[in-house]
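>>> Sequence plus predicted model, see below.
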Amino acid sequence: MGDILFNNMEISDEDFKRMVNFLQKEYGIDLSKKRQLISSRLSHSLRTLGYENFHAFLEHLLTKKDSSDIELLINKLTTNYTFFLREKDHFSYLQNTVLPQLVRRHQGNRVLSIWSAGCSSGEEPYTLSIYLKEFFGAEASKWDTRVLATDISQQALAKAQAGLYKKPADMPQEWINRYFKPDAASGMYSVVPKIKSNVIFRTFNLMDPIQFRLKFDVIFCRNVMIYFNAETRDALVKRFYDAMLPSSYLFISHSESLGQTPLFRMVAPAVYQKK
Ligand SMILES: C[S@@+](CC[C@H](N)C(=O)[O-])C[C@H]1O[C@@H](n2cnc3c(N)ncnc32)[C@H](O)[C@@H]1O
């Protein structure tokens, strides 16, 4: 009984290869060194769904491509770790260098287009929304500063849209008072409507062509490409480039690299400007 409940499912070499190829091709995620992770994160759910072994699930997945199978994979196999004010120097750079430039550039239309690509459970786009509110202050209503926030994980996006978090660590108390409403019963903090309504959440696979209505002034794509191989990353960086306005900014994580790209120049640690 204990074995049935708790043992991870065995994955054959062949099935592991097929799974890795599928994830790589469809979602860019490289799990070629994560056999144990695939098995441990999926086994319980697969048993609950009635699959006797990993092979049966894989066959079903690859032949049917049911959205419920895909959702399970994404929810279980993506890494959604994130937090408010992550890599804070990026937000300072945005506030002190990027936003003043964009304000000068966009006096005509007063539209800024900012994208949090791979937003996970929403802490990054809400941090952006807070910084925008802080920067524009009373002028905020005169500008369209909506942040597009996308991810492939429905589970992460549902949490983002709920906007309910534990007390954000390392955030000034003044901002917590201004931008969160504490819920005494649950001890949780909900993002206030003026910050929430400035973020638009959408499901989007970064492997797909980028066809949003506006070109972007700023893209935050941090701690996402770290799970991609160089080829997938380079192709995405080129799609970002094509989707960005001249001299716009791409923020990646400090633990990532853009490789040798002729398309961007580095202007600050992990901050790139379109050439
Ligand atoms: C570690 S989180 C990063 C969250 C936030 N950007 C940060 O830096 O804290 C990585 C996110 O990338 C998303 N992701 C991975 N592959 C993706 C893809 N092909 N398309 C869209 N999102 C993807 C995952 O679902 C996950 O929520």
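Thanks, I have it.
>>> Would you map the strands across the stretch 51-200 of the chain?
For the stretch 51-200 of the chain, the strands defined by DSSP state E, counting those that start in this stretch cover 114-117, 147-151, 164-165, 180-183, 188-191, 199-203.
>>> which helices and strands does the third one pack with?
The elements that strand 164-165 packs onto, with contact taken as 3 or more Cβ pairs under 8 Å, 6 or more residues apart in numbering; DSSP states H and E, are strand 188-191. From N, CA and C alone the C-beta is placed, and that goes for glycine too.
>>> Now do the same contact list for the residue nearest to the spatial centre of the chain.
Central residue of the chain (Cα atoms, centre = their mean): Gly118, 1.6 Å from the mean position. Shown in contact with Gly118 (Cβ atoms under 8 Å, 6 or more residues apart in numbering): Thr150, Asp151, Leu206, Cys221, Arg222, Asn223, Val224.
>>> quick one: contacts for the closest residue to it other than its chain neighbours?
Leaving out its chain neighbours, the residue that sits closest to Gly118 by Cβ to Cβ, 6 or more residues apart in numbering is Val224, at 3.3 Å. Val224 makes contact with Ala117, Gly118, Leu206, according to Cβ under 8 Å, 6+ apart.
>>> ok, the last one touching Val237?
In other words, Leu206. No - Leu206 lies out of contact with Val237 (Cβ atoms under 8 Å); the separation is 10.7 Å.
>>> what about the helices in the stretch 1-150 of the chain?
Here the stretch 1-150 of the chain has its helices, by DSSP state H, counting those that start in this stretch, at 2-6, 13-27, 35-48, 54-64, 67-77, 88-93, 99-105, 123-136.
>>> among those helices, which gets the worst mean confidence?
When the helices of the stretch 1-150 of the chain are compared on mean pLDDT, helix 2-6 scores lowest, with a mean of 51.
>>> Mind listing residues that contact stretch 72-92?
By Cβ under 8 Å, 6+ apart, the residues outside stretch 72-92 that reach it are 23, 27, 29, 31, 37-38, 41-42, 45, 49, 61, 120-121, 123-124, 126-128, 131, 152-156, 165, 168-171, 220, 222-223, 227, 251, 253-254, 268-271.
>>> so how far is that stretch off the chain centroid?
6 Å (Cα atoms, centre = their mean, to the nearest Å).
>>> tell me which residues in it are buried?
Neighbour counts using 16 or more other Cβ atoms under 10 Å place 72-78, 80, 82-87, 90-91 of stretch 72-92 among the buried residues.
>>> can you check stretch 102-116 too?
Leu102, His106, Leu112, Ser113, Ile114, Trp115, Ser116.
>>> Quick one: name the residues of the protein near the ligand.
Counting by Cβ under 6 Å from any ligand atom, the chain comes close to the ligand at 27-29, 78-82, 86, 118-120, 124, 151-153, 156, 205-207, 222-224, 227, 253.
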